[in-house]
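Visitor: can't give you the sequence, but here's the structure:
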């Protein structure tokens with residue numbers, strides 16, 4: 001066989017061949033600021049309040065509410081429990097993580113001119129974790145569709161000499177060359193063919209049709225996912241106070257992504273006439289990225305107690321890099337003997353950098369402060385996930401993905417409600433958060449509900465705050481994005497604890 005060279009080899013895997021999809025776009029578009037314990041205890045309803053380091057990430061005008069320079073940092077314990085149903089199987093998995101999820105400081109500069117209406121301005125720097133990717137779950141059950149559908153989907157229409165080894169060529173060299181010349185899809189067809197899962201209809205270089213060596217019937221399937229990493233944001237803040245009624249602020253934000261995921265899929269069968277009875281298929285993804293966004297905000301005091309807030313979050317413009325690796329192992333029965341074959345190329349596929357624009361957000365807020373006794377606050381946010389875009393939009397593959405995004409993702413509204421009651425140095429807090437699903441079809445992801453409560457103690461220049469948050473959401477996770485697209489249904493529950501130390505500088 002002779003492999004045809006259609007393009008110049010410039011990278012390990014040719015451009016746009018990995019197949020970024022809706023789930024990738026959504027993963028980096030959703031933000032969930034973990035914030036300070038006070039912020040979390042009150043459901044994140046701080047858009048019209050300010051005076052908290054994490055409030056800056058919601059409304060940058062909030063730093064001008066501080067009467068003096070301020071700093072804080074927050075420790076968290078995040079626990080996730082997943083109940084996973086896949087056909088007739090039900091499994092449970094848990095994961096816990098200890099982390100520093102917030103830190104920053106605001107410096108307040110009073111205007112020394114008593115005749116000026118501009119009372120003060122502030123400069124601030126803050127770090128907030130905006131998403132935590134630490135998760136694991138296992139789906140297990142009996143399916144009537146096999147993983148052969150995945151490999152047949154990629155092999156269909158591809159020439160045999162483009163997805164197979166040359167005489168004397170190793171699996172490693174073939175996998176690398178095929179990826180460099182043809183891309184990810186050809187690599188998947190190569191793994192299916194060389195592992196005996198699929199065979200060509202005709203043993204010729206120009207064959208483009210394939211059949212499965214796995215007979216129809218029932219299949220015991222298990223898919224284990226383990227992911228880790230996070231999204232983070234550094235904010236550079238400027239705000240000012242005009243008279244006693246108006247606060248204005250702006251943030252310049254730098255974002256970063258660090259995401260790692262491993263999936264290990266196992267399928268076994270005892271179907272009559274099946275050549276291949278066992279398939280083990282591992283996929284690893286490593287993603288890094290950096291981005292930029294800005295925020296504008298204002299807080300207006302209508303009276304001593306009533307406050308209004310409004311903020312605008314620009315889209316985030318990311319540049320993202322991805323690497324993948326794979327291996328496959330099959331066991332086939334030939335003339336009564338079980339023969340195992342492992343294809344482990346030990347190749348890291350490095351993909352060209354791509355760009356992602358996440359949607360912007362608007363937030364309107366209302367709060368009422370009851371003197372020194374307490375307060376109640378309400379925030380409403382709107383974010384249209386259908387505006388998420390892979391770029392460049394001139395690329396034909398990205399254009400198709402953007403059309404799928406606009407059809408499958410929609411507007412998600414968020415409601416946050418929080419309250420605080422003070423008894424001398426002690427503050428009692430509670431909150432509720434509701435987030436709509438970003439999917440038009442809520443079987444892919446349900447709405448989110450969260451309740452929280454906490455307390456704080458004021459030592460003077462030092463404050464300690466503690467919060468607990470309970471979060472629930474259901475979602476469906478596809479086994480693969482093509483071919484075998486059955487979903488595992490996951491009921492996720494989060495129990496989170498936050499501890500914040502804040503002090504006046």
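Guide: Sure thing, it's come through. All figures in this text were calculated on a predicted structure; none of them were measured in a lab.
Visitor: list the buried residues for the longest strand along the chain?
Guide: Identified as the longest strand of the chain according to DSSP state E is strand 276-301. Judged by neighbour count using 16 or more other CB atoms under 10 Å, the buried positions of strand 276-301 are 276-289, 291, 293-299, 301. Quick note: C-beta positions are derived from backbone N, CA and C, even for glycine.
Visitor: and the next element down the chain from whichever strand or helix holds residue 330?
Guide: Using DSSP states H and E, residue 330 sits within strand 317-334. Downstream of strand 317-334, the first helix or strand assigned by DSSP H and E is strand 337-343.
Visitor: centre of the chain to the helix or strand just after that next one, how far?
Guide: As assigned by DSSP H and E, the chain's next helix or strand after strand 337-343 is strand 349-350. Centroid separation for strand 349-350 versus its chain: 21 Å, with CA atoms, centre = their mean, to the nearest Å.
Visitor: what does stretch 85-98 give?
Guide: The chain centre lies 19 Å from the centre of stretch 85-98; the measure is CA atoms, centre = their mean.
Visitor: what residues of that stretch count as buried?
Guide: 85, 86, 87, 89, 91, 93, 95.
Visitor: ok, the fifth one touching residue 136?
Guide: No. At 10.9 Å, residue 91 does not count as touching residue 136 under the criterion of CB atoms under 8 Å.
Visitor: OK, contacts around residue 294?
Guide: Neighbouring residues of residue 294 by CB atoms under 8 Å, 6 or more residues apart in numbering: 250, 251, 252, 253, 314.
Visitor: same check, this time on residue 247
Guide: Contacts of residue 247 (CB under 8 Å, 6+ apart): 50, 61, 62, 64, 65, 239, 240, 241, 298, 299, 300.
Visitor: so which helix or strand takes in it?
Guide: strand 246-268.
Visitor: again with residue 401
Guide: For residue 401, the element it lies in under DSSP H and E is helix 396-408.
Visitor: likewise for residue 35?
Guide: Short version, using DSSP H and E: residue 35 is in no helix or strand.
Visitor: now it, nearest residue through space, not along the chain?
Guide: Nearest residue to residue 35 in three dimensions, chain neighbours excluded: residue 54, at 3.2 Å (CB to CB, 6 or more residues apart in numbering).
Visitor: same thing with residue 156?
Guide: Leaving aside its sequence neighbours, residue 156 sits nearest to residue 210 (CB to CB, 6+ apart; 6.7 Å).
Visitor: OK, contacts around the one you found?
Guide: So residue 210 contacts 152, 155, 156, 189, 192, 193, 198, 199, 200, 201 (CB under 8 Å, 6+ apart).
Visitor: also residue 288?
Guide: 256, 257, 258, 259, 320, 321.
Visitor: and the helices in this protein?
Guide: 22-27, 37-41, 55-58, 148-155, 171-181, 184-194, 396-408 (DSSP state H).
Visitor: counting contacts, what elements does the fifth one pack onto?
Guide: When you say that, I think you mean helix 171-181. In terms of contacts (3 or more CB pairs under 8 Å, 6 or more residues apart in numbering; DSSP states H and E), helix 171-181 is packed against helix 184-194.
Visitor: strand 317-334 and the helix it packs on, what's the angle between them?
Guide: Comparing the axes of helix 184-194 and strand 317-334 via axes from the mean of the first three to the mean of the last three CA atoms, to 10 degrees yields an angle of 10 degrees.
Visitor: and helix 184-194, what does it pack onto?
Guide: So helix 184-194, by 3+ CB pairs under 8 Å, 6+ apart, packs with helix 148-155, helix 171-181, strand 198-200, strand 210-212, strand 317-334.
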